[in-house]
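A.B. asks: following is a predicted model, sequence given first.
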Amino acid sequence: MSATLNSPLIPALQSEGQILAEVNGCLGIITLNRPEALNALSLAMIHDLTALFEAWAAAPAIEAVLLLAAGRPGKPAAFCAGGDIRFFHRAALAGDASLAEFFTAEYALNHLIHQFPKPTIALMDGIVMGGGMGISQGCKLRVLTEHSRLAMPETNIGLFPDVGGGHFLSQCPGQTGRWLALTGQALSAGDAIELGLGDVFVQSSALPAIIEAFKFGAQSSAEHVVATVMERVDLAPAADHISLRQRIDQCFGQDDVPAILAALAALDDEWARNTLATLSKRSPLMMAVTFEQLRRARSMSLAEDLRMERDMVHHCFHLRPVAQSETVEGIRALAVDKDHAPRWQPAALDEVNAAEVQAFFVSPWSAEQHPLRHLA
């Protein structure tokens, strides 16, 4: 029997229904409930998720946590399409302090989920991008379906793969993490599992029975919770990128972004031409920043990476006057004016200032003042 919203196991929530919580036996269930926005995360949702994970980490009665997302009838599934980028744009132009609060709270939540001491399950059906990757990659059992599409597409909006992207992408085999970070390539379930960004595959047709069991079946132990998924696991589809692995490693294993572009141009096959076309639409500055991010993240812990990313995202909105921010311009082109014609500054890689790239990695805070100083 599920606990009511007044259960002492469920803290007071502030997102006005954008996060739903219930308890069935030993299982805490969280539903992202903003389907009209593809379950993109608002600041209130991040606060509610944090409150739930903190409360349930400390509650002996809760032995496992499930993350899933509400859908729209007749529409494609979406676990979480990321953060609310229109909010980023409005808040940056208005000088709204809640923008800084958003990233501090989001990155702390990412760390909390990665460090959560109990089994966590994410039902990653449909779109899983950006902030959706941030809240799912730390889960112990990442469940994918034939509808799953995973990506870190931040370079498309003049940003970088944040929410711990430096950490989990740098752990992908070979140069695949760098490929994903720079291009924003979306992965299907087979590719994601092969690259360590998912764990098991189930048919989407099995999800209703899994969710029904989680919500109304007896959930007496963490082992039983996990078994509820595992007994319905199917053979994952083949990984499409496998045939490209040698070319990915060859081209993206270069010493900088211009060398990557040169290697792709020299290869001159359909995949290389398409990849070059994709990269030509990205911010030259933020591609260089992303390249450096992943280089540094390889030798960092998750906490160190998140502190670095918090420095970087501050600079995305403050290193230049806000009207000249690559991130503000990228969001404008994609989601505000929707002209899909960002005016990147500079427009070409050979004009990128190396000193400006390095400036993204200079923290504006001392170690004692850093907003994520408490991450261990």
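C.D. replies: Structure's in. What do you need? Numbers count the residues shown, from 1 in each chain.
A.B. asks: okay, CA-based contacts and neighbour counts for the rest of this
C.D. replies: Will do.
A.B. asks: what ranges do the helices span in the stretch 201-350 of the chain?
C.D. replies: 207-216, 222-230, 245-252, 257-267, 270-279, 284-297, 302-318, 326-331 (DSSP state H, counting those that start in this stretch).
A.B. asks: mind listing residues that contact the second one?
C.D. replies: I take that to be helix 222-230. With contact meaning Cα atoms under 8 Å, 6 or more residues apart in numbering, helix 222-230 is reached by 26-27, 63-64, 119, 121, 210, 213-214, 219.
A.B. asks: let's see it at 7 Å
C.D. replies: For helix 222-230, the external contacting residues (Cα atoms under 7 Å, 6 or more residues apart in numbering) are 63-64, 119, 210, 219.
A.B. asks: ok so, going back, pick the most deeply packed of the helices of the stretch 201-350 of the chain.
C.D. replies: The highest mean neighbour count among these, using mean count of other Cα atoms under 10 Å, belongs to helix 326-331: a mean of 26.
A.B. asks: which elements pack onto that helix?
C.D. replies: Under the contact criterion of 3 or more Cα pairs under 7 Å, 6 or more residues apart in numbering; DSSP states H and E, helix 326-331 touches helix 85-94.
A.B. asks: which parts of the next helix or strand after the helix it packs on are buried?
C.D. replies: Using DSSP states H and E, the helix or strand that follows helix 85-94 towards the C-terminus is helix 98-114. For helix 98-114, a neighbour-count test (16 or more other Cα atoms under 10 Å) marks 99-100, 102-114 as buried.
A.B. asks: so which pair among the residues you listed is furthest apart in space?
C.D. replies: Taking Cα to Cα, the two most distant members of the buried residues of helix 98-114 are Leu99 and His114; they sit 23.1 Å apart.
A.B. asks: picking that back up, so which of the helices of the stretch 201-350 of the chain is nearest Ala367?
C.D. replies: Set against Ala367 and scored by Cα to Cα, the helices of the stretch 201-350 of the chain come closest in helix 302-318, at 9.7 Å.
A.B. asks: CA atoms only: put the closest one into PDB for me.
C.D. replies: C-alpha atoms of helix 302-318 as PDB (Å, rounded to 0.1, in the frame of the first residue of the first chain):
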ATOM      1  CA  LEU A 302      33.400  13.800  -9.100                       C
ATOM      2  CA  ALA A 303      33.400  16.500  -6.400                       C
ATOM      3  CA  GLU A 304      36.500  18.200  -7.900                       C
ATOM      4  CA  ASP A 305      34.800  18.000 -11.400                       C
ATOM      5  CA  LEU A 306      31.600  19.600 -10.100                       C
ATOM      6  CA  ARG A 307      33.500  22.400  -8.400                       C
ATOM      7  CA  MET A 308      35.300  23.000 -11.700                       C
ATOM      8  CA  GLU A 309      32.100  23.000 -13.600                       C
ATOM      9  CA  ARG A 310      30.500  25.400 -11.100                       C
ATOM     10  CA  ASP A 311      33.500  27.800 -11.800                       C
ATOM     11  CA  MET A 312      33.000  27.300 -15.500                       C
ATOM     12  CA  VAL A 313      29.200  28.000 -15.600                       C
ATOM     13  CA  HIS A 314      29.800  31.100 -13.600                       C
ATOM     14  CA  HIS A 315      32.100  32.300 -16.300                       C
ATOM     15  CA  CYS A 316      29.600  31.400 -19.000                       C
ATOM     16  CA  PHE A 317      27.500  34.200 -17.700                       C
ATOM     17  CA  HIS A 318      30.000  36.600 -16.200                       C
END
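A.B. asks: and for it, what's in contact with it?
C.D. replies: 92, 104, 107, 111, 162, 164, 166-167, 297, 325, 327, 360-361, 363-364, 372, 375-376.
A.B. asks: pLDDT of that helix, averaged?
C.D. replies: For helix 302-318, the mean per-residue pLDDT is 98.
A.B. asks: that helix relative to helix 98-114, how many degrees between them?
C.D. replies: 160 degrees (axes from the mean of the first three to the mean of the last three Cα atoms, to 10 degrees).
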